[in-house]
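> Based on what follows, work out the 3D shape:
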Amino acid sequence: MERRNLFLPWILLLMIHITDSYADNPSIIENISSRGEKDLLKAILSALGQFAKNQAIKMDVIEEKINVLSEKISHCRSETSIHASKTSKHGTIRSRKYAPIPASTKSNTATSMTTISTTPASSVSSIGSRGREFLILFMRNHPEVTGTVAIYITTENNTSINITTSPHLSANIKSATDRMMNVSSNSSFTLPFNMTCEYSTIEAKAILLKTSELSTVSILDSFHKTSTDGTLILPTDKLSTKYLVSSTKPYYSGNKEYLSQFAVAAAHDKTKVNIRFRMKSNASISLLGGTYRDQDLFTTSLDKYETLQIGHTTDLTGTFITSSEPIAVFSGNRCQYLKLSACSHMVTQLPPTTELDNLYIVPTFYDNSGTLIQVISDSKSSVHVSI
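Numbering: from 1, shown residues only. This is a model prediction of the structure:
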C-alpha cells in the first residue's frame, strides 16, 4: 500500500497530461466516426482530467499543511535545545519547556504521504496516569501513627498484580509485602507500616507494582486521628531525572513532628542522585556523615528499590533534584497545621520538571477560607491569577 502511495502523485500528473493532450488534439477525436462516441469520449476525458486536477489540488493542500506542521515541530525542537542549554548559577540544567521530539516524528512529517497506525491497547505501557508498572514509597507520618499503609487499584477490568521488593529487605517484611494475585476492577490492600521510610538513611523500601491491565494506582498513609493523606502514583514510564520539591513551612520549627520532607526511590541500579538544597540561610542538615546548608549540593548513589527520605524543620521547597536514571520523588510534610485544620500528614508524588506548564485551573472548594495555593517554578517567572 505504501509503494502505491509513493507513485500516486506521478499517476495524477500523467492523467492530467494525457487528458489535456487528448482534449487539445482534435485529430485524435476526429478518428472516431460516431458523434455519440466522440461526445462520450470527450466527457470521459474531461471528467478524468477534472478528477486528476482535484486530487492534485487536495495533495497540494495536504502537503502545505504537513510542511507547516513540520516547521512547528522544528521550532519546538529548537526551543527544547535552547531551554535545555540554560543552566543555573550552579551549572545544573533547570528547565526544558518541551519534551524531546523523536527523530522519527520529524522524518514522517516531512514526507508528503504518511501512514497512520495504532497500537493495540494490550501493548500500551501507559495512558495518562494509567499504566502497568508503578514505583511506590511511603513517607513518614505523624510519630504516633501505627498499623498499615494502603494501595488502591482501579481498572476497567479485573487484573492480575505482582508486587515485588528488594531482596535486601528483611525477610519478615518482604514476605508480608510481596505477592501475586488477581483483583477486581476496584480493589485495595494493605502493607506493613514498616515499609514507611526513615530519615537520612538509605533503605531498600521501594515497592514495584505491575498490573496486567492499564490501571490507576493511588496510596493512602496510615490514619491517626486527623493525620492522613494520599497521592496518585505515576507510571514508571512517566518518571524522569529532574524534580523540584514542593512542601510548606512547618508550623512548629522546633518540633520534629512537623517536618518539611521529601523522599526519592530508584528504579535502576547505580543511579546517581544530586540534591541542591534550598532552605533558610542559617539552617543546616546532617546527612550521611556530611553537613549541608542552603544551595549546597549533596550527591549519593542508589540501587534499584533503594530509598532516601530527608526531613527538616525549615521549608525545603525549591530543593532541586537530578539523577542519572529516572527516579520517583515524593514530597510534603510529616504533619502540618494549615489554617482551620488539625495536624495532618501531607504527601504527593511530584511530576518531573519536564511536565511543568504555565497554565493551570484551580477548582473551587466548599470552604476555601483555609485553602493554600502554592506556585513553584524552576526559573524566574511572573504569576498572574484570574478569578
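> Could you check which helix or strand contains Cys153?
Heads up, residue 153 is Ile, not Cys. strand 148-155 (DSSP states H and E).
> oh sorry, the question was meant for Gly332
Going by DSSP H and E, Gly332 is in strand 320-336.
> Strand partners (parallel or antiparallel) of that strand?
strand 240-244 (antiparallel), strand 260-266 (antiparallel), strand 271-276 (antiparallel), strand 344-349 (antiparallel) (DSSP bridges).
> Now tell me what touches the strand or helix carrying Leu191 from outside.
Here Leu191, judged by DSSP H and E, is contained in strand 186-192. Residues outside strand 186-192 that contact it (Cβ atoms under 8 Å, 6 or more residues apart in numbering): 138, 148-155, 173, 176-177, 179, 183, 207. To be clear about C-beta, it is placed using only N, CA and C from the backbone, and glycine gets the same treatment.
> any idea which of those is least confident?
Of all these, Thr148 carries the smallest pLDDT score, 81.
> For beta bridges, what are the partners of that residue?
Beta-bridge partners, per DSSP bridges, of Thr148: Pro192.
> Just to check, it is in contact with Phe193?
Yes: under the criterion of Cβ atoms under 8 Å, Thr148 makes contact with Phe193 at 5.6 Å.
> After the strand holding Leu191, which helix or strand is next?
strand 202-203.
> Tell me the secondary structure at Val217.
strand (DSSP: H, G, I helix; E, B strand; the rest coil).
> Skipping its backbone neighbours, what lies nearest it in space?
Excluding the flanking residues, the one nearest Val217 by Cβ to Cβ, 6 or more residues apart in numbering is Ile233, at 4.3 Å.
> for that neighbour, what are its contacts?
For Ile233, the contacting residues are Phe134, Leu135, Ile136, Val217, Ser218, Ile219, Gln349, by Cβ under 8 Å, 6+ apart.
> and the two most separated of those residues?
Based on Cβ to Cβ, the longest span within the contacts of Ile233 runs between Leu135 and Ser218 and measures 13.8 Å.
> Neighbour count: those two, which is higher?
Leu135 (23 against 18; other Cβ atoms under 10 Å).
> Val375: neighbour count?
Counted with other Cβ under 10 Å, Val375 comes out at 9.
> likewise Gly230?
Neighbours of Gly230 using other Cβ under 10 Å come to 16.
> Check Lys256 too.
Neighbours around Lys256, by other Cβ under 10 Å: 14.
> can you check Ser386 too?
Ser386: 3 neighbours (other Cβ under 10 Å).
> Is it correct that it falls within a strand?
No: read with three-state DSSP, Ser386 is coil and lies in no strand.
> let's have the chain start at 380 instead
New numbering, starting at 380: the last item is Ser765.
> re the thing from before, for the contacts of Ile612, which one is nearest Phe709?
Gln728 (5.2 Å).
> Show me what the closest one is bridged to.
Beta-bridge partners of Gln728, as defined by DSSP bridges: Phe709.
> pretty sure it contacts Phe709?
Yes: in this structure, Gln728 is within contact of Phe709 by Cβ under 8 Å, at 5.2 Å.
> anything in contact with each of the two?
Thr610.
> where does the protein have low pLDDT?
Applying pLDDT under 70 to the chain flags residues 380-417, 419-444, 446-451, 453-503, 601-606, 632, 634, 718-720, 745-749.
> Pro546 and Lys621: what is the separation?
29 Å (Cβ to Cβ, to the nearest Å).
> Looking at the two, which one has more neighbours?
Lys621 (22 against 10).
> what about the closest residue in space to the more buried one that isn't next to it in sequence, neighbour count?
Nearest residue to Lys621, sequence neighbours excluded (Cβ to Cβ, 6+ apart): Thr732, at 4.5 Å. Other residues within reach of Thr732 by the criterion other Cβ under 10 Å amount to 23.
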